[in-house]
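Novice: A predicted structure for the sequence below; I have some questions about it.
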Amino acid sequence: MSAVVSPIREPLVRGHKTYHQITEDICAPTERTPGLAWVLAFTVAVAFLALYVFAVAWTVWFGIGTWDLNRTIGWGWDITNFVWWIGIGHAGTLISAILLLFRQKWRTGVNRAAEAMTIFAVVCAGQFPLIHMGRLWLGFFVFPYPNTRGPLWVNFNSPLLWDVFAISTYFTVSLLFWYTGLVPDLATLRDRSKGLRRKLYDMFSFSWTGAAKHWQRWEYLSLVLAGLATPLVLSVHTIVSFDFATSVIPGWHTTIFPPYFVAGAVFSGFAMVQSLMIIARKVLNLKDYITIEHIESMNKVILVTGTVVGVAYLTELYIAWYSGYIYEQFAFYNRVFGPYYWSYIGMMACNVLSPQIFWVKKFRRNIFLTFLLSIFINIGMWFERFVIIATTLARDFLPSSWSYYSPTWVEISLFLGSLGLFFTLFLLFTRLAPVVAIAEIKHILKSAGDQYTGPEATHKHEAH
Amino acid sequence: MNSETKRILFGLYDDDEQVLDAVRKAKSDHLDIMDVYSPFPVHGMDEALGLKESRLHIAGFIYGALGTLTAFGFMTWVFTRDWPIIFGGKPYWSVPAFIPITFELTVLFAAVGMTVTFYAVSRLWPGAGNPILHPRITDDKFCIAFDTTTCDEGEISRLKNFFEATGASLVETKEVSEEA
């Protein structure tokens, strides 16, 4: 039954697992009392979440004037954070959808956690445009609903509205995709538990039974959702980039933005997956399922997308010079040598130079180095969005309105607080649901388990 | 609704290839399998059981097309009939600007519609109360179930022989109530 597997492929499931052992290993973290590491991490995350709530309340009460934005620089940390989080929220769907269509088996080890991360990152991202509106309670104005003002409709020609549609669709579809994958695994948890816990898991698993017809439809649904999510994930950051690219501001008005934003999004998303998974595989004892092989595969994606982003940075500079358009040239001169030169240096160093070490196989397979670099990339990608937004706005057409902007404690708290929100959600997830897709790992066991393939194989399959 | 009791005879197998062989044998012996349950999709099971291809993707296409029409039609109506406004000197009916939202709603309708349809036709929702024959079915056992409510002794022993012959590791009878 198993597909032909090249003998040089490394096994993706180690430790000679049986189906039952897989269930035991992956369910264990949700069934034992949380360890000290989890409790500490959760406490810190909730503390930051509290800071977030406080900063949001402060903003709503006093208005966004507390952010020190000014007439020249109207977008600051808030939109930077928005784009950063949305970018991070791309890896999950990329791993689960695009890699599913390409039949990349290594996706099964990390897809569940990456999709969860995607959803939580999009939750964080969605907050910032809302907070930026100032009047949070009127956020629903962005949707075209019949109203008593005419009805007055929203502007369907505006990229900001496209964003609303793109992000809400992306969130919904990612959630459905993730949850549908989760349903059979929640049923596994249900059948291992008793009492109230069993009742709850039965509710959340929709009374899943594992019938053959259900599995057939489930596979169809997963495949079609993957097919839908693939262009969707590419469209989301494309549309986010339209927020900038369809404006007439030099430095933003460029056709390279959509592909460059998408590559950057994948780049930062994989970096965040690495940061989380390297800790999770250790703390949750999942090293047999999230192997060095998985980490190396993701590092290859990081290397490619990081280099694509680097090429985009250089292309922008070249095109600015080649265009012969002085405003464009000034915008880019200003990006590199202007008042925010330090953020440009940070961006270049973290995003373009540092991933180049992954050309060396030894470094790609080094866990500590991967972790360090994933943090670097997260910082670098934040700088990238800051460079695009703040440096461009700081020097506009009128020298009299040139200004400089630095965030207040409110904006910094909002950013740190959103990290708190993200980690609170993620830590809860590791306690409530299986972090690795149990059914999918079992499905690939006979073609990717180390007892079936690789140098230690004991059950060599004959070709069926 | 009156609830009916079904008597189900089921056997558990330890391996996916074993259960697949058993299903094939049951089919050639003309045994009427009620259902097969497994912890993960067993490839080849659809053909072995003779399941028809799912039509879920057709439903998905229809939902998607509905999304396309809804989005494009609505924006056209708003900008040409209900409240025409000129934005940036462009025509009222500026089709290129409608593409992003049309695309997004197509995906949204198709995905939401298909998912809801999937759960509805599969009778899966919170509190659906589908009977669970054995707790290990979602773990590592593969199950073939027969509905023996109306079977006589001879038929039941024939099924039991089948389980023995195909190497089932556990054979049990369970009464489940089903709302009819």
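Specialist: Yep, it's here. Numbers count the residues shown, from 1 in each chain, chains lettered A, B, ... in the order given.
Novice: how does chain B divide into domains?
Specialist: What automatic domain parsing lists as the domains of chain B is B:5-53+B:130-177, B:56-121.
Novice: which residue is the nearest non-sequential neighbour of residue 122?
Specialist: With no chain named, the answer covers chain A. Excluding the flanking residues, the one nearest A:V122 by CB to CB, 6 or more residues apart in numbering or on different chains is A:G89, at 4.3 Å. C-beta: built from backbone N, CA, C; applies to glycine.
Novice: you answered for a different chain; I wanted chain B.
Specialist: Of all residues beyond its chain neighbours, the one nearest B:S122 is A:H214 (5.1 Å), with distances taken as CB to CB, 6+ apart.
Novice: quick one: residues contacting the one you found.
Specialist: Taking CB atoms under 8 Å, 6 or more residues apart in numbering or on different chains, we find A:H214 in contact with A:208, B:122, B:124.
Novice: most neighbours among the residues you listed, which one?
Specialist: Within these, most neighbours by other CB atoms under 10 Å in any protein chain shown means A:W208, with 26 neighbours.
Novice: look at it and report its pLDDT.
Specialist: Here, the pLDDT recorded for A:W208 equals 94.
Novice: wait, the residue nearest to A:V122 sits on A:T118?
Specialist: Yes - using CB atoms under 8 Å, A:G89 is in contact with A:T118, at 4.6 Å.
Novice: which neighbours do these two share?
Specialist: In contact with both A:G89 and A:T118: A:174, A:269, using CB under 8 Å, 6+ apart.
Novice: what about the residue nearest to B:S122, distance to A:A439?
Specialist: A:H214 sits 12 Å away from A:A439, taking CB to CB, to the nearest Å as the criterion.
Novice: let me see the contact set for A:A226.
Specialist: Residues in contact with A:A226 (CB under 8 Å, 6+ apart) are A:96-98, A:100-101, A:177.
Novice: closest to chain B among the residues you listed?
Specialist: Distance to chain B across these (CB to the nearest CB) is lowest for A:F177, with 7.7 Å.
Novice: test my guess that the closest one contacts A:A229.
Specialist: Yes - with contacts counted by CB under 8 Å, A:F177 reaches A:A229, the gap being 5.9 Å.
Novice: residues shared between the contacts of the two?
Specialist: Common neighbours of A:F177 and A:A229, using CB under 8 Å, 6+ apart, are A:93, A:96-97, B:111.
Novice: out of the residues you listed, list just those in helices.
Specialist: Judged by DSSP state H, helices contain the following of those: A:93, B:111.
Novice: farthest-apart pair in the shared contacts of A:F177 and A:A229, please.
Specialist: Across these, the longest distance by CB to CB is 13.4 Å; it joins A:S96 and B:A111.
Novice: joint contacts of those two?
Specialist: A:177, A:229.
Novice: distance to A:P259 for the contacts of A:A226 - can I get that in CSV?
Specialist: Formatted as CSV, these follow (distance: CB to CB, whole Å):
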residue, distance to A:P259
A:S96, 22
A:A97, 18
A:I98, 15
A:L100, 22
A:L101, 19
A:F177, 24
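Novice: please pick the buried ones from the residues you listed.
Specialist: The neighbour count (16 or more other CB atoms under 10 Å in any protein chain shown) marks A:96-98, A:100, A:177 as buried among the contacts of A:A226.
Novice: for the nearest residue to B:S38 once chain neighbours are set aside, what are its contacts?
Specialist: Leaving aside its chain neighbours, B:S38 sits nearest to B:F142 (4.8 Å; criterion: CB to CB, 6+ apart). Neighbouring residues of B:F142 by CB under 8 Å, 6+ apart: B:12-16, B:18-19, B:36-39, B:42.
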